[in-house]
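Enquirer: got a sequence here, can you model it:
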Amino acid sequence: MLVETRTQPSKPACADAQRLALTVGPVQYHWPRAALMAFYADIAESNADTVVLGEAVCARRRELKPEDWMDLARDLQTAGKEVVLVTQTLIESESDLRGLRRLAEQREFIVEAGDASALQLLADTVPFVLGPHINIYNRAALVEHAALGALRWVAPAELSLDALAHINPPRDPVLSIHAQPLATEVFAFGRLPLAFSARCFTARHHGLNKDECEFRCLDDPDGMLLSSSEGQPFLVLNGTQTQSAARHCVIGQAAALRAAGVTRLRLSPCAQGFGAVLNAFERVMNLGVPAREVLPELQAMSLPGGLSNGYAQRRPGLEWNAA
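Expert: Numbering: from 1, shown residues only. Model prediction:
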């Protein structure tokens, strides 16, 4: 995977606007070690501002050990990236808790709380991010969580942009315990993570038990597509996680994002063409290139299911409105 070189227009249309930082979310799929290392080598040379590292979906995925993730985090930090270590979204065992404690005890990197079980360990210890699976749907909830020591929040993917503007408005932001505005990050590109389960859907599809899954999800670098009875792409199975088939994409909503107080965009990794995705968002959001010029590139590379942006506009999530 090659990351494209950024083209710099002579006078960016948004030169006076605040930069929308680009965050590379955690890899949600089970990739071989070599693929992971190659991916992050490209990210180190990309225009990404922040990289979220770690296994968020399934504790059985151990292509990289905890020490490997830490070494990778240090390498990316040396390359100039802000690094965030993510906790697992669904804690199921004492082993999972030990991994969570290990992240809470380290002091090198920010940690993203995958769910509420991480908050007690992270509060008042290490700077942390409120992940997208923590249920924060109003200002009072955000204020309560900010008091635990959060420095920013990743809004739930189903929240509309106008809802964000009410929860954490740019003119009256929620403040952290350090009296700094709590930054808002949104899920801006990728298949939407819809649900997590104690069961492994991929293993069940292959007639296997979860604990004897043979790591079949390695065969599906972008998840296993499910279609409706009419043959339309519907959902994606990714081990214990269920995703949308369509890729959520808000590249045409830069003005609305800024008006809602959003300062960071999360791009969820895919197996092919992610460098082009990063490049497209940088060009549109920060260099002033019209979205209509790059949107055909994203549509051409999209996996079955196409693009969607309904949630951002208070519409059904699978809807797409290019305007």
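
Enquirer: which stretches in the chain count as strands?
Expert: For the chain, the strands defined by DSSP state E occupy 21-24, 50-53, 82-86, 110-113, 128-130, 150-154, 183-196, 224-227, 233-238, 241-249, 262-267, 307-308.

Enquirer: mind listing what the closest residue to residue 156 other than its chain neighbours touches?
Expert: Spatial nearest neighbour of residue 156, chain neighbours left out: residue 132 (5.6 Å); criterion: Cβ to Cβ, 6 or more residues apart in numbering. The way it works is simple: take the backbone N, C-alpha and C, and place the C-beta from them, glycine included. Residue 132 is in contact with 154-157, 187, 193, 266, counting by Cβ atoms under 8 Å, 6 or more residues apart in numbering.

Enquirer: tabulate the strands of the chain (JSON lines), appending mean neighbour count.
Expert: What follows is those, written out as JSON lines (neighbours: other Cβ atoms under 10 Å):
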{"stretch": "strand 21-24", "mean neighbour count": "23"}
{"stretch": "strand 50-53", "mean neighbour count": "23"}
{"stretch": "strand 82-86", "mean neighbour count": "21"}
{"stretch": "strand 110-113", "mean neighbour count": "25"}
{"stretch": "strand 128-130", "mean neighbour count": "26"}
{"stretch": "strand 150-154", "mean neighbour count": "24"}
{"stretch": "strand 183-196", "mean neighbour count": "22"}
{"stretch": "strand 224-227", "mean neighbour count": "16"}
{"stretch": "strand 233-238", "mean neighbour count": "21"}
{"stretch": "strand 241-249", "mean neighbour count": "24"}
{"stretch": "strand 262-267", "mean neighbour count": "22"}
{"stretch": "strand 307-308", "mean neighbour count": "22"}
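
Enquirer: how about CSV for those strands, with mean pLDDT added?
Expert: Converted to CSV, those look like this (pLDDT from 0 to 100):
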stretch, mean pLDDT
strand 21-24, 98
strand 50-53, 98
strand 82-86, 98
strand 110-113, 96
strand 128-130, 96
strand 150-154, 96
strand 183-196, 96
strand 224-227, 92
strand 233-238, 93
strand 241-249, 95
strand 262-267, 98
strand 307-308, 94
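
Enquirer: looking at the ones you listed, which is closest to residue 256?
Expert: Closest of those to residue 256 is strand 262-267, at 8.6 Å (criterion: Cβ to Cβ).

Enquirer: what lines up beside that closest one in the sheet?
Expert: strand 21-24 (parallel), strand 183-196 (parallel) (DSSP bridges).

Enquirer: and the angle from the longest one to strand 241-249?
Expert: Spelled out, that is strand 183-196. With axes from the mean of the first three to the mean of the last three Cα atoms, to 10 degrees applied, the angle from strand 183-196 to strand 241-249 works out at 140 degrees.

Enquirer: turn the strands of the chain into TSV, columns for distance to residue 98.
Expert: Shown next, in TSV, are those (distance: least, Cβ to Cβ, whole Å):
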stretch	distance to residue 98
strand 21-24	26
strand 50-53	18
strand 82-86	15
strand 110-113	15
strand 128-130	18
strand 150-154	23
strand 183-196	20
strand 224-227	30
strand 233-238	24
strand 241-249	22
strand 262-267	27
strand 307-308	38
